[in-house]
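>>> Structure for this input, please:
(one chain, ligands or ions: 1)
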Amino acid sequence: MKVPFIDLKIQHQKINQELKKAIAAVLKRNDFILGQDTALFEQEFAKFCLAKYAIGVASGTDGIFLGLLALGIKQGDEVLVPDFTYIATANAVSYTQAKPVFVDIDEKTYNIDVKCLKKAITKRTKAIIPVHLFGQAANMPEIQKITAQYGLKIIEDAAQAHGTSVKLNDRQWHNTGTLGDLAAFSFYPTKNLGGMGDGGMITTNNERIYKKILMLRDCGRVSKYDHQIIGYNSRLDTLQAAILRVKLKKIAFGNQLRQESAQLYNQLLENTNVVTPFCADFSSHIYHAYVIRVKNRRNELLAHFKKKGIGSIVYYPIPLHLQGAYKNLNYKKGDFPITEKLAQEVISLPIYPYISKKQIEYVAQTIKEFYR
Ligand SMILES: Cc1ncc(COP(=O)(O)O)c(C=O)c1O
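Okay, the predicted model is just below:
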């Protein structure tokens, strides 16, 4: 049996006609840059997140970068970033000339450890970027308390969390995208909501931030040839928006299918020596990735998967503080023990809408037989 790590074909086949129609409509209008579908998708995505504003940008990375600029982050500032994330989170901070300051993660949720946060705060700290890693939200209730106490800004990195919701108190659940000053989403093709190229979105409830980002993403423009600030070319193109509008209608169902697949994996892997994902009571989980931990023989298991026709990936094998790109920050091995340990133990198993029960059973069986 073959179990690819991800199967986009099977998802696209189901909506092939709708996709073709959406693309054809753009070709007919030729409004390729900031066209009708971009504006409509922004409205629809804002509604999906229950946010006041959404601004389409060229990528999730740009979403974080432009978000930081809109908050006034600059050289000399420090921004707290979890050590265990995709490098784009930290890169976006570096683009502003501010310094990313890494923070270790919680061993159960794999998200930034709120117990380590306070220790990392200095006079220069201006913001934190909690990453909702693998589809589960960071501990936003605690992070909101800390940022309120220290007067810090929050940029949610929601690249992997389209539709995750968070319990703020006994009465209130909020979607990612509205839990800080602003949030950045990625529409990289493999994301839960993915386009057919790069794309991203910033959401916010703050009108001033909204207006600033409208300028920043489009050459500082306030009207056709009136440019009030130095901005960037970071627009979500109309074709991507048209495709994403079709896919947005399916995201709730797609997330539900992922949750069902995760439940099945959980059951099948119970009482084995792999650690299955932990779900905190303050967040839902939309399983952008289904990440297990294995205490030993990880590389052998990865090779065994390959032999058995199973796709798997290690998200992420190198902690940010040990990346060559951040050598200049002078971190060393041992600085963030939990991230370092997890980087040695995690494996992401295949999960995507329409993966079959048989495929999941085959993956689980392969793991059990391997460790028998
Ligand atoms: C956690 C996280 N942050 C940021 C990004 C960057 O998004 P993009 O690839 O759209 O620039 C990604 C995408 O892979 C991500 O997973």
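>>> Now do the helices for this protein: every range, in order, please.
Shown for the chain, the helices assigned by DSSP state H span residues 8-14, 16-29, 36-49, 60-70, 88-95, 114-120, 140-150, 207-216, 238-248, 251-268, 298-307, 337-345, 357-371.
>>> Nearest to residue 191, out of the ones you listed?
Between residue 191 and those, the shortest separation by CB to CB is 8.1 Å, and it involves helix 60-70. From N, CA and C alone the C-beta is placed, and that goes for glycine too.
>>> Could you name the helices and strands sitting against that closest one?
Helix 60-70 makes packing contacts with helix 88-95, strand 153-157, strand 182-186, strand 200-204, helix 207-216 when contacts are defined by 3 or more CB pairs under 8 Å, 6 or more residues apart in numbering; DSSP states H and E.
>>> quick check: mean pLDDT across that helix?
For helix 60-70, the per-residue pLDDT values average out at 98.
>>> touching the ligand at all, that helix?
Yes: between helix 60-70 and the ligand, judged by CB under 6 Å from any ligand atom, the touching residues are 60-61.
>>> Give me the distance from that helix to the chain's centre.
Relative to its parent chain, helix 60-70 has a centroid offset of 14 Å by CA atoms, centre = their mean, to the nearest Å.
>>> Spatially, which residue comes closest to residue 258, not counting chain neighbours?
On the basis of CB to CB, 6 or more residues apart in numbering, the spatially nearest residue to residue 258 that is not a chain neighbour turns out to be residue 287, at 4.2 Å.
>>> Need the per-residue pLDDT for the one you found.
Per-residue confidence for residue 287 comes out at a pLDDT of 98.
>>> what's the answer for the one 4 residues further on, then?
Turning to residue 291, the model gives it a pLDDT of 98.
>>> In this structure it contacts residue 110, no?
Yes: here residue 291 reaches residue 110: they are 6.9 Å apart, a contact under CB atoms under 8 Å.
>>> if I look at the two, which residues touch both of them?
Taking CB atoms under 8 Å, 6 or more residues apart in numbering as the criterion, residue 291 and residue 110 both touch 134, 346.
>>> do you know how far the residue nearest to residue 258 is from the ligand?
Using CB to the nearest ligand atom, to the nearest Å, residue 287 is found at 14 Å from the ligand.
>>> Pull the contacting residues for that residue.
Under the criterion of CB under 8 Å, 6+ apart, the contact list for residue 287 reads 134-135, 255, 258-259, 261-262, 277, 351.
>>> let's see it at 6 Å
Neighbour list for residue 287: 135, 258, 262, 351 [criterion: CB atoms under 6 Å, 6 or more residues apart in numbering].
>>> okay, these in JSON lines with distance to the ligand and neighbour count next?
Below are those laid out as JSON lines (distance: CB to the nearest ligand atom, whole Å; neighbours: other CB atoms under 10 Å):
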{"residue": "135", "distance to the ligand": "10", "neighbour count": "29"}
{"residue": "258", "distance to the ligand": "16", "neighbour count": "22"}
{"residue": "262", "distance to the ligand": "18", "neighbour count": "22"}
{"residue": "351", "distance to the ligand": "15", "neighbour count": "23"}
